[in-house]
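sequence first, then the predicted structure:
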Amino acid sequence: MLAVAGAQAAIQLIPKLAAPAQARILAPTYNEHAAALRTAGWQVDEVTTPAALEGADLAVVVNPNNPDGKTHTPEDLLRLAARVGRLVVDESFADAQPDLSLAPKAAQGRLIVLRSFGKFYGLAGVRLGFILGSDTDVATLTEMAGPWPVSGPAIAIGTAALSDRSWAEATVARLSADAARLDVLAQSAGWKCVGGTTLFRLYDTPDATAARDRLARHQIWTRMFPYSRRWLRLGLPGQPAEWDRLAAALRN
């Protein structure tokens, strides 16, 4: 395993593991994987089914996916790994669904697993992520990452947080309840939940631009997507005052 300065640092290292060739990404998903691969000279195709990934020199699956929250079983992904040159499974949003993780299988030669720290622990500024893979791949990535790829404070904070399993288990339960609560609020505004995870929700709205602007007037920022005029991604509020602000925004 290699610790790096966030998931983005991991995404930028992966294309350098081999000479540029044919990469396929299960889409739609967030843009960083495709951008990093294209910058490194890879031919990138975005496909919509796992079967269409087969035969690629490098395939990327985000599990759970961002923004729609679609998931794939570890068994299905292991079968896919045998049919591609190298399979990258981005588990940045998997902490709340640990049964999905392929981390225990990451030492297999054709598999690389990426993990993010900040999304689940709410400490994005710590800049900490992990790459799990075969000894050979991890050694190569370690050399490319150079000395001190992660700050001392990030190591200390990450070690303390990851050791607190009681907090993690309680947070999984809280996030599940909060996601259900958020869905009820969104439904009251006429929105329909079409996906997401317990870390974020994806809603179908009559007009995503209007919905985004409406929430922004209440200092609530959301995410839109170039491939949909209706989808809006919304994070979960934290403190009671944030829930009240969101409820007020959806009423107005």
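Cool, the structure landed. This one's a predicted model, so the numbers in the text were calculated from it and none came from an experiment.

run a quick neighbour tally on Pro98.
Neighbourhood size, Pro98 [other C-beta atoms under 10 Å]: 12. Any C-beta I mention is one placed from the backbone N, CA and C, and that applies to glycine too.

for Ala10, see how far away it is.
From Pro98 over to Ala10 the distance is 19 Å, taken as C-beta to C-beta, to the nearest Å.

for Asp204, same thing?
As for Asp204, its distance to Ala10 is 31 Å (criterion: C-beta to C-beta).

model confidence score at the residue lying closest to Gly109 once chain neighbours are set aside, please.
Excluding the flanking residues, the one nearest Gly109 by C-beta to C-beta, 6 or more residues apart in numbering is Ser134, at 4.9 Å. Per-residue confidence at Ser134 stands at 95 (pLDDT).

residue contacts, Ser134?
Going by C-beta atoms under 8 Å, 6 or more residues apart in numbering, Ser134 touches Ala106, Ala107, Gln108, Gly109, Leu111.

go ahead and confirm the first one touches Val113.
Put plainly, it is Ala106. Yes - the pair Ala106 / Val113 is scored as a contact, 4.4 Å apart, by C-beta atoms under 8 Å.

neighbour count for these two, which is higher?
Shown here are Ala106 and Val113; by other C-beta under 10 Å, Val113 has more neighbours (25 against 22).

tell me the SS of that one?
Secondary structure for Val113, judged by DSSP: H, G, I helix; E, B strand; the rest coil, is strand.

spit out the contact partners of Ser245.
You called it Ser, but residue 245 is Arg. If you count contacts by C-beta under 8 Å, 6+ apart, then Arg245 has His218, Gln219, Ile220, Pro237 around it.

what values do phi and psi take at it?
phi -70, psi -40 (degrees, to the nearest 10).

pLDDT score for it?
Among the per-residue scores, Arg245 shows a pLDDT of 96.

what of Pro147?
Looking at Pro147, its pLDDT reads 88.

so where do the strands sit in the stretch 1-150 of the chain?
Along the stretch 1-150 of the chain, counting by DSSP state E, counting those that start in this stretch, strands occupy 2-4, 22-26, 43-47, 58-62, 87-90, 111-116, 129-132.

is it possible to export those strands to a markdown table including distance to Arg181?
What follows is these, written out as a markdown table (distance: least, C-beta to C-beta, whole Å):
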| stretch | distance to Arg181 |
| --- | --- |
| strand 2-4 | 34 |
| strand 22-26 | 30 |
| strand 43-47 | 34 |
| strand 58-62 | 25 |
| strand 87-90 | 27 |
| strand 111-116 | 24 |
| strand 129-132 | 29 |
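
could you tell me the least trusted of these?
Ranked by mean pLDDT, the strands of the stretch 1-150 of the chain end with strand 2-4 in last place, scoring a mean of 91.

thinking again about what came up before, Asp204 and Ala10: which is more packed in?
Per other C-beta under 10 Å, whichever of Asp204 and Ala10 has more neighbours is Ala10, with 29 against 16.

residues of the longest strand seen in the chain that come out buried?
The longest strand of the chain (DSSP state E) is strand 228-235. In terms of neighbour count (16 or more other C-beta atoms under 10 Å), strand 228-235 has its buried residues at Arg230, Trp231, Leu232, Arg233, Leu234, Gly235.

for it, what is the average pLDDT?
96.

how much distance is there from the lengthiest helix in the chain to the middle of the chain?
For the chain, the helix with the greatest residue count under DSSP state H is helix 165-188. Centroid separation for helix 165-188 versus its chain: 18 Å, with C-alpha atoms, centre = their mean, to the nearest Å.

same deal with stretch 141-161?
That offset, for stretch 141-161, works out to 20 Å (C-alpha atoms, centre = their mean).
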